[in-house]
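Q: fold the stuff below for me.
(2 chains)
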Amino acid sequence: MSEVYVITSGKGGVGKTTTTANLGAGIALLDKKVVLVDADIGLRNLDVVMGLENRIVFDMIDVIEGNCRLKQALIKDKRYPTLHLLPAAQTKDKDAVTPEQMVKLCEQLREEFDYILIDCPAGIEQGFKNAIAGADKAIVVTTPEVSAVRDADRIIGLLEAAEVRSPLLILNRIRINMVKRGDMMALEDVTEILAIDVLGVVPDDESIVISTNRGEPCVADKDSFAGQAFRDICRRMNGETVPLMDLETDKGFMSKIKKLFGGS
Amino acid sequence: MEFLKNIFSRKPSSGSVAKDRLKLVLIHDRANCNTDLLEMMKNDIMQVIAKYMDIDEAAGMDINISQTTDDDNKTVPVLYANIPIKNMRKKT
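A: Predicted coordinates for the structure are as follows:
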């Protein structure tokens, strides 16, 4: 049984594409067959985040219009034997695809892959409608900011209206030190407001910037804090029960003393 | 220094300010999303009341969702309805 996930957020710049790339690579590391679909037609970016930009010959529109076979457009990632990318077209716009065509494309991909991850464009217009059309499940990415959570709430409403049931939350770029001193909303604040189940929490981490610079998803980097968060999320998607990670970074002497006396 | 400032200032933390602002914004957003639903509700409420009283339909009725504060000073949504009535007892 294959599963089609759409990764969406409403607001731009919260980390949808980075999340998609890392979940794809992370699930591939669990020996599952994964395809990443970039649904952001006209503004494709998943290829550069994955470091596969030099290998594009055909794109999603070529497949839909019948200019090539599906297999010809799929880019095989040499670092992960079971990972493929279907890039978006860069020269077309969002209206070049219909929801019906996306449903058909997803059905085709189901025959080949265990997981199909669709990277949704920002916004709630045609591109969003296309991206969710063929999806069974949705992952809503947000950051602990008023604007991002507000947009996530809107997206959850639209997903329900489109009958993509029970979306899961990834809270991205959390800074535990700021949460502790009360200057950032905590996971509990966000889940209380959005009332959806949590798939994972990802710390704000420099290794994301570094790995994106190189075009290598940080999920494969054993020393990356954010990478660990993505590895945990992938295991949860694969049906394992994994507790939310301890985001505590301050392992210094003073915090050890505090812990000794029962402080947090 | 930031730490000392926090101790001596009475300002609420910015995280809780964010949460409160977000809640308020969402009350409006969620209510605005459902103008169709509000219209359907309005018609249903009107039908029920019309069973027992004479409603002044010409005067027009007004239903909307706004917010108020409860006993704990928390913001909660309220359904506000203004239904003009011609006669308390319905003529049969």
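
Q: show me where the stretch 1-150 of chain A has strands.
A: In chain order, the stretch 1-150 of chain A shows strands spanning A:3-8, A:34-38, A:75-76, A:83-86, A:115-119, A:137-142, with DSSP state E, counting those that start in this stretch as the criterion.

Q: next: the stretch 151-264 of chain A.
A: Across the stretch 151-264 of chain A, reading from the start of the chain, the strands by DSSP E, counting those that start in this stretch fall at A:168-174, A:197-203.

Q: can you add mean neighbour count, distance to residue A:142 and mean pLDDT and give the ones you listed back as CSV?
A: Where C-beta positions appear, they are placed from N, C-alpha and C, glycine not excepted. What follows is the strands of the stretch 151-264 of chain A, written out as CSV (neighbours: other Cβ atoms under 10 Å in any protein chain shown; distance: least, Cβ to Cβ, whole Å; pLDDT from 0 to 100):
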stretch, mean neighbour count, distance to residue A:142, mean pLDDT
strand A:168-174, 23, 6, 98
strand A:197-203, 20, 11, 97
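
Q: turn those into JSON lines, columns for distance to chain B.
A: What follows is the strands of the stretch 151-264 of chain A, written out as JSON lines (distance: least, Cβ to the nearest Cβ, whole Å):
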{"stretch": "strand A:168-174", "distance to chain B": "11"}
{"stretch": "strand A:197-203", "distance to chain B": "16"}
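
Q: nearest to residue A:93, out of the ones you listed?
A: Ranking these by proximity to residue A:93 (Cβ to Cβ) places strand A:168-174 first, at 27.4 Å.

Q: show me what the closest one is packed against.
A: Counting contacts by 3 or more Cβ pairs under 8 Å, 6 or more residues apart in numbering or on different chains; DSSP states H and E, the secondary-structure elements packed against strand A:168-174 are strand A:137-142, helix A:187-194, strand A:197-203.

Q: any idea how far it is from the middle of the chain?
A: Here the centre of strand A:168-174 is set off from its chain's centre by 10 Å, with Cα atoms, centre = their mean, to the nearest Å.

Q: and the angle from it to strand A:197-203?
A: Inter-element angle recorded for strand A:168-174 and strand A:197-203: 20 degrees (by axes from the mean of the first three to the mean of the last three Cα atoms, to 10 degrees).

Q: can you list the strands that strand A:168-174 pairs with?
A: strand A:137-142 (parallel), strand A:197-203 (parallel) (DSSP bridges).

Q: what is the mean pLDDT for the first one?
A: This means strand A:137-142. Per-residue confidence for strand A:137-142 averages out to 98 on the pLDDT scale.

Q: now stretch A:226-241
A: Across stretch A:226-241, the average pLDDT comes to 97.

Q: chain center to it: distance?
A: 12 Å.

Q: for it, buried residues please.
A: Counting neighbours by 16 or more other Cβ atoms under 10 Å in any protein chain shown, one finds that the buried residues in stretch A:226-241 are A:226, A:227, A:228, A:229, A:230, A:231, A:232, A:233, A:234, A:235, A:236, A:237.

Q: would residue B:81 count as being in a helix?
A: No: with DSSP: H, G, I helix; E, B strand; the rest coil as the criterion, residue B:81 is located in strand rather than a helix.

Q: what residues are up against it?
A: B:45, B:61, B:62, B:63 (Cβ atoms under 8 Å, 6 or more residues apart in numbering or on different chains).

Q: quick one: these as TSV, columns for pLDDT and secondary structure too.
A: Rendered in TSV, the data for these read as follows (pLDDT from 0 to 100; DSSP: H, G, I helix; E, B strand; the rest coil):
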residue	pLDDT	secondary structure
B:45	87	helix
B:61	76	coil
B:62	77	strand
B:63	76	strand
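
Q: give me the buried subset of those residues.
A: B:61, B:63.

Q: now the two most distant members of the contacts of residue B:81.
A: Distances among those were taken as Cβ to Cβ; the most separated pair is B:45 and B:62, at 11.4 Å.

Q: reformat the helices and strands packed on strand A:168-174 as TSV; add distance to residue A:66.
A: Rendered in TSV, the data for the helices and strands packed on strand A:168-174 read as follows (distance: least, Cβ to Cβ, whole Å):
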stretch	distance to residue A:66
strand A:137-142	29
helix A:187-194	41
strand A:197-203	36
